[in-house]
Structures are given as C-alpha cells and as structure tokens.
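Novice: From the sequence below, what's the structure:
(2 chains)
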Amino acid sequence: NAGVTQTPKFRVLKTGQSMTLLCAQDMNHEYMYWYRQDPGMGLRLIHYSVGEGTTAKGEVPDGYNVSRLKKQNFLLGLESAAPSQTSVYFCASSYFRGTDTQYFGPGTRLTVL
Amino acid sequence: AQSVTQLGSHVSVSEGALVLLRCNYSSSVPPYLFWYVQYPNQGLQLLLKYTSAATLVKGINGFEAEFKKSETSFHLTKPSAHMSDAAEYFCAVSDNVGSQGNLIFGKGTKLSVKP
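Specialist: As a prediction, the model looks like this:
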C-alpha cells in the first residue's frame, strides 16, 4: 500500500516550457487535490477533483490545468511555465471533502528559470 | 468566508518544555478544524481533527488541541517537547459546512526544539 505517490520529485524548467505532474493513489479515494506551497504562504489549493472525470478550480488555478481520466490518477499540467510557478507541489486525496483526513504525497519541487 | 490565523511563524522551545502553537479561525458556520504536521522534505500528515464531537481532541505523538468557540481558537499543545517534534505545523479549517468544503490552511508555524 503505497498511499499517495508523486512523480517527478524534482524538475527544472525554462520559462515557456510545459510539463505534467503525476499523482497516483491506491486508497480508492474519490477526492483528489493539487496544492502549491510557498514560503510563508501555507498551502493553497490549485484544483481538485470530486471523482473520475470531474475537476474544479481552487484558490489559485491560473496557469494550470488538470485531468482525472482514471480514479487513481490526478494530473497537473503547466502549459507555459513562468518563474512565479516555482514552488513545491503537493497532491492529496481523501474519501470525503470537508470533514475527512487528507493524505498527502511527498511533493514535487519545481523550479522555473 | 472561513480563514485561519496562526500566531507566530517560528516557535522555539527547549526539550521537555511545553509546546503551544496558536491557531484562531474565522467561520460563519460550525467549523471543522485540523492540525497537520510537515517534517522536513516530506508531505503533510494529520495530527488531529475536530469535527464537532469532544472539544478536547487528542492526536498522535502526544499532541492535543482544544476547541474554544468563545475564543474562536484551536491551539495545539504538547506537555513535553521532544527533539523529534521539530517540524512545521499547519492549522486548517474546512471552508464549508458539512462534507462539501475544501481546506483553508494557515501559513504555518515552524517549531524548533533546543537540546
């Protein structure tokens, strides 16, 4: 039982490049989330998914897209990376939303030059 | 709208001393409140949560928190700090009533434990 896994762990991009971050969970959770963590800012929700094939915007969605084609996977895409997207990205999953424990992956550290 | 304020971005205590990390919330509905811990270079993991049952909530690793509606607070405490408690701690509130909210996180408090 691996829990929540994220790939890659580290990535360096140049401005304007694109990339996809992959999140996978093996707990059969309906809900999945992408957060970004910046120093002194806590975690901010980018996008979330309430089930296979459904996604919704969070607090800071601009510049990101997501897809949930399979229940266990949640992809975060950056179409044209900008230095402001330099951050640590965390994926999480849960059975329910507001009242339930969220299980977090180990994070992806992204640097955009 | 719901929000969370964590007082003190850095807290330093000596090993064996009381740990007190402060969290105040703003919510227009009965809140669901959480404390998560993040060890260096890791993801977050749940310490404890309040979901309208007992106001004193016990979590893992000897931590507990008390929900005080009159003070809109949910402070985290541990009687005796260990070196292994050094980490960043995040308070969070669900942004909606019932099961349909997302979590709103505070900015975090980094706890240092001195030998």
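Novice: From now on I want contacts and neighbour counts done on CA atoms only, so please keep to that.
Specialist: Fine.
Novice: Residues of chain A that sit close to chain B?
Specialist: Applying the criterion CA under 8 Å from any CA of the partner chain, the portion of chain A that neighbours chain B consists of A:40-44, A:90, A:96-107.
Novice: Specify the beta-bridge partners of residue B:111.
Specialist: Here residue B:111 shows beta-bridge partners residue B:11, residue B:87, assigned using DSSP bridges.
Novice: So it sits against residue B:88, correct?
Specialist: Yes: taking contacts as CA atoms under 8 Å, residue B:111 lies within contact range of residue B:88: 5.9 Å.
Novice: Select only the buried ones of the residues of chain A next to chain B in PyMOL?
Specialist: One line in PyMOL is enough to select the buried ones among the residues of chain A next to chain B; burial here means 16 or more other CA atoms under 10 Å in any protein chain shown:
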select buried, chain A and resi 42+43+44+90+96+97+98+99+100+101+102+103+104+105+106+107
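Novice: Quickly find the element holding the residue most central in space within chain B.
Specialist: For chain B, the residue nearest the mean C-alpha position is residue B:35 (3.4 Å; CA atoms, centre = their mean). Residue B:35 is located in strand B:33-38, with elements delineated by DSSP states H and E.
Novice: Pull the residues that contact that strand.
Specialist: In this structure, residues lying in contact with strand B:33-38 by CA atoms under 8 Å, 6 or more residues apart in numbering or on different chains are B:44-51, B:74, B:76, B:87-94.
Novice: Next: stretch B:11-29.
Specialist: Stretch B:11-29 has contacts (CA under 8 Å, 6+ apart) with B:1-8, B:71-83, B:91, B:93, B:95-97, B:109-115.
Novice: Could you pull out the buried residues of stretch A:23-34?
Specialist: A:23, A:24, A:25, A:29, A:30, A:31, A:32, A:33, A:34.
Novice: Neighbouring strands of the longest strand along chain A in the sheet, and parallel or not?
Specialist: Under DSSP state E, the strand in chain A containing the largest number of residues is strand A:42-51. Using DSSP bridges, strand A:42-51 pairs in its sheet with strand A:31-38 (antiparallel), strand A:54-57 (antiparallel).
Novice: Pull the residues that contact stretch B:61-71.
Specialist: Outside of stretch B:61-71, the residues that reach it under the criterion CA under 8 Å, 6+ apart are B:24, B:47-48, B:50, B:55-58, B:73-79.
Novice: actually stretch B:42-56, sorry about that
Specialist: For stretch B:42-56, contacts defined as CA under 8 Å, 6+ apart pick out A:90, A:99, A:101-107, B:30-38, B:57-60, B:63-68.
Novice: Among the residues you listed, which ones are in strands?
Specialist: Members of the contacts of stretch B:42-56 lying in strands (criterion: DSSP E): A:90, A:103-104, B:33-38, B:57-58, B:64-68.
Novice: Can you get me a residue count around residue A:67?
Specialist: Look at residue A:67: counted by other CA atoms under 10 Å in any protein chain shown, it has 19 neighbours.
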